[in-house]
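# take a look and give me a structure for this.
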Amino acid sequence: MKKLLLLLLFSLPLFAQNDSIPVVKPNLSLIGLNKLNFVYKGILNPFLVNVKDSKPFKVKGESVLQNIDGTYSIKPKTLKDTKVQVEIQTSDSTKVIEEHIFRTKELPYAALLVNKKGCINGECTIEMSSKELLNAEITVKLIDYLLDYNITVTSFRIHLSNSNGDFLDSFEVKGDKIPQDIYEAIAANDKATLIVIHKFTFASDIGLSIMKTPVVKIRRILETK
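Predicted coordinates for the structure are as follows:
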């Protein structure tokens with residue numbers, strides 16, 4: 001009986017230690033990025049920082065930029081996870097550093113479109129009549145891009161060639177539409193069967209940089225007179 005009682009006494013502290021529950025303190029900082037919780041490589045990804053009880057804080061991290069309006073942006077250079085550190089000054093003059101980690105995705109392929117027609121998955125040739133080219137709008141679309149964006153074409157070049165691939169003429173266009181005078185020059189050239197639109201410039205709200213400039217080729221359908 002004495003031996004049994006001794007074993008029970010030694011067992012009690014062991015059970016008491018295993019019953020303890022770890023307490024996880026909630027973060028003082030919150031980063032408002034996007035619902036998908038990732039960032040795109042090579043462009044500005046804006047985000048907001050909110051700290052509980054408006055405590056003073058500093059935001060640090062590789063490729064983290066502070067904007068004039070007080071918001072922040074991340075522009076990752078690699079596909080590694082992007083880390084943002086928030087250094088918070090607490091009421092007792094101590095510092096708390098909280099780390100937020102986001103996945104980094106590659107920027108998707110960009111397609112050049114003419115009146116919303118183009119090659120979504122790579123280079124191809126579309127067919128259009130001469131009439132469709134008048135005031136045709138040139139736009140850029142990011143394929144499978146999951147966030148909001150705005151891209152405006154500011155200029156582009158038109159290259160004309162015949163069925164043998166021989167160069168015929170070229171035009172530099174300002175803006176995002178084929179104007180009347182250039183349309184008339186294309187329409188008057190019966191030998192121009194292939195129209196290439198390329199070398200475009202653009203403005204965007206996401207700090208976009210396109211490494212490989214997309215091209216759209218148009219095989220012109222000649223109308224019967």
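
# where does pLDDT dip in the chain?
The model of the chain has pLDDT under 70 over residues 1-26, 121-122, 211, 223-225.

# all the helices of it, residue numbers only.
Listed in chain order, the helices of the chain (DSSP state H) span residues 2-18, 130-133, 180-188.

# list the contacts of the second one.
Meaning helix 130-133. Val114, Asn115, Ile178, Tyr183, Ile186, Ala187, Ile195, Ile218, Arg220, Ile221, Leu222, Glu223 (CB atoms under 8 Å, 6 or more residues apart in numbering). Every residue, glycine included, has its C-beta placed from N, CA and C.

# how about the fourth one, nearest residue that isn't a chain neighbour?
Closest residue to Tyr183 in three dimensions, ignoring its sequence neighbours and counting by CB to CB, 6 or more residues apart in numbering: Leu134, at 4.6 Å.

# same deal with the first one?
Sequence neighbours aside, Ala136 is the residue nearest to Val114 in space, at 5.2 Å (criterion: CB to CB, 6+ apart).

# give the contact list for the one you found.
So Ala136 contacts Val114, Asn115, Met128, Lys177, Ile178 (CB under 8 Å, 6+ apart).

# of these, just the buried ones, ChimeraX syntax please.
With 16 or more other CB atoms under 10 Å as the criterion, this ChimeraX line picks the buried residues out of these:
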select :114,115,128,177,178
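
# would you check which pair of the contacts of Ala136 lies furthest apart?
Spatial extent of those (CB to CB) is set by the pair Met128 and Lys177 at 14.4 Å.

# quick revisit: now flag whichever of the contacts of Ala136 is closest to Ser161.
Among those, and counting by CB to CB, the member closest to Ser161 is Met128, at 15.4 Å.

# ok, what's across the strand from the closest one?
According to DSSP bridges, the residues that bridge with Met128 are Arg220.

# now the closest residue to Ile31 other than its chain neighbours: how far from Tyr40?
Sequence neighbours aside, His100 is the residue nearest to Ile31 in space, at 4.9 Å (criterion: CB to CB, 6+ apart). Using CB to CB, to the nearest Å, His100 is found at 17 Å from Tyr40.

# show me the contacts for Ile158.
So Ile158 contacts Ser170, Phe171, Val173, Ile178, Ile182, Ile186, Ile195, Val196, Ile197 (CB under 8 Å, 6+ apart).

# if we can go back for a sec, distance to Tyr72 added to the contacts of Ala136, as CSV?
Converted to CSV, the contacts of Ala136 look like this (distance: CB to CB, whole Å):
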residue, distance to Tyr72
Val114, 37
Asn115, 38
Met128, 44
Lys177, 36
Ile178, 40
